[in-house]
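# no letters, just coordinates:
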């Protein structure tokens, strides 16, 4: 079984790349990132838990864990369970 292809992510690069993701090509369409809920930096990668802007068609609440692997210059994406924004504020 071959690994999933790397998603295409557009990210802001201020003093370093990636400083923050802006949008991702997810499920055959571009989706803007509404919120970065969490971010963490590791020696070999940088990860972000993001909430995508809800689609007008589906009104979905998509959350992803996006990780950028420095050595391979590649992004990975993992879908996460959705939960209301109030739950993240606790």
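Sure, I can see it. Nothing here was measured: the structure is a model prediction, and the numbers come from that model.
# so for the host helix or strand of residue 76, mean pLDDT?
Following DSSP states H and E, one finds residue 76 within strand 74-80. Averaging pLDDT along strand 74-80 gives 95.
# paired strands for it, with orientation please.
Sheet pairing for strand 74-80, assigned by DSSP bridges, gives strand 63-69 (antiparallel).
# so which bits of the longest strand anywhere in the chain are buried?
Longest strand in the chain, counting residues (DSSP state E): strand 29-41. By 16 or more other Cβ atoms under 10 Å, the buried positions in strand 29-41 come out as 31, 33. C-beta here means a position set from N, CA and C on the backbone, and glycine is covered the same way.
# now swap in stretch 61-73 and tell me
Buried positions in stretch 61-73, judged by neighbour count with 16+ other Cβ under 10 Å: 62, 63, 64, 65, 66, 67, 68.
# and the fourth one, what does it touch?
If you count contacts by Cβ atoms under 8 Å, 6 or more residues apart in numbering, residue 65 has them with 47, 48, 49, 50, 77, 78, 80.
# from residue 50, how far off is it?
8 Å (Cβ to Cβ, to the nearest Å).
# ok, residue 7 to residue 15 distance?
As judged by Cβ to Cβ, residue 7 and residue 15 stand 24 Å apart.
# er, residue 6 actually
24 Å.
# quick one, which of those two is more surrounded?
Set side by side, residue 6 and residue 15 show more neighbours around residue 6, with 14 against 5, by other Cβ atoms under 10 Å.
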